[in-house]
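A.B. asks: Just to be clear, the model below is a prediction. Sequence and coordinates:
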Amino acid sequence: MTVYHAQIIVAADVHEIHMCDVISHEGQFWLVPEWLDSQDGKWTKPARIVPLATMPHQQGTSYPEFVVNDPIPKSVLFGRPSPEEAHKFAIVEYPEIVFPSRRGLH
């Protein structure tokens, strides 16, 4: 599994710049703001994925590989998005994507 990185701006009371993991899945790139690891440490999976195609961004060849242009609401990445946000950003909750453990990589 190749994990890329995106520089994002999290929209909150005070906007914050963060790094976010990115994976390639079904022919497109997806933000992975949080990972769920198995208790036995054998696998990991995204808690939520958000397609980069739903937001203006730049793609480069060095770290970070992506830069998202506009702030992303904190609820889209880490909270409970409104139905409008979930639709606009095409959020997929608990996708059936499982990888071997990434311990030490995130």
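C.D. replies: Now that the structure is in, tell me what you want to look at. Numbering: from 1, shown residues only.

A.B. asks: Strands along the protein, start to end?
C.D. replies: Secondary structure of the chain by DSSP state E: the strands cover 4-11, 16-25, 28-32, 35-37, 43-46, 48-51, 57-59, 66-68, 72-73, 92-93, 99-100.

A.B. asks: could you dump those strands to a markdown table with mean pLDDT?
C.D. replies: Shown next, in a markdown table, are the strands of the chain (pLDDT from 0 to 100):
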| stretch | mean pLDDT |
| --- | --- |
| strand 4-11 | 96 |
| strand 16-25 | 96 |
| strand 28-32 | 97 |
| strand 35-37 | 94 |
| strand 43-46 | 94 |
| strand 48-51 | 98 |
| strand 57-59 | 96 |
| strand 66-68 | 97 |
| strand 72-73 | 96 |
| strand 92-93 | 96 |
| strand 99-100 | 90 |
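
A.B. asks: For stretch 9-20, buried residues please.
C.D. replies: Of all the residues in stretch 9-20, those buried under the rule 16 or more other C-beta atoms under 10 Å are Val10, Ala11, Cys20. (C-beta placed from N, C-alpha, C; glycine too.)

A.B. asks: Let me see the contact set for the second one.
C.D. replies: This points to Ala11. By C-beta atoms under 8 Å, 6 or more residues apart in numbering, the residues touching Ala11 are Pro71, Ile72, Pro73, Lys74.

A.B. asks: OK, contacts around Phe29?
C.D. replies: Counting by C-beta under 8 Å, 6+ apart, Phe29 has contacts Tyr4, Val22, Ile23, Pro51, Leu52, Ala53, Gln59, Phe66.

A.B. asks: likewise Val50?
C.D. replies: Residues counted as contacts of Val50 (C-beta under 8 Å, 6+ apart) are Trp30, Leu31, Pro33, Ile72, Val76, Leu77, Phe89, Ala90, Ile91, Val92.

A.B. asks: can you check Val68 too?
C.D. replies: Val68 neighbours (C-beta under 8 Å, 6+ apart): Ala6, Gln7, Ile8, Ile9, Leu31, Leu52, Met55, Pro56, His57.

A.B. asks: For the last one, give the beta-bridge partners.
C.D. replies: What that stands for is His57. Bridge pairing for His57 (DSSP bridges) gives the partners Val68.
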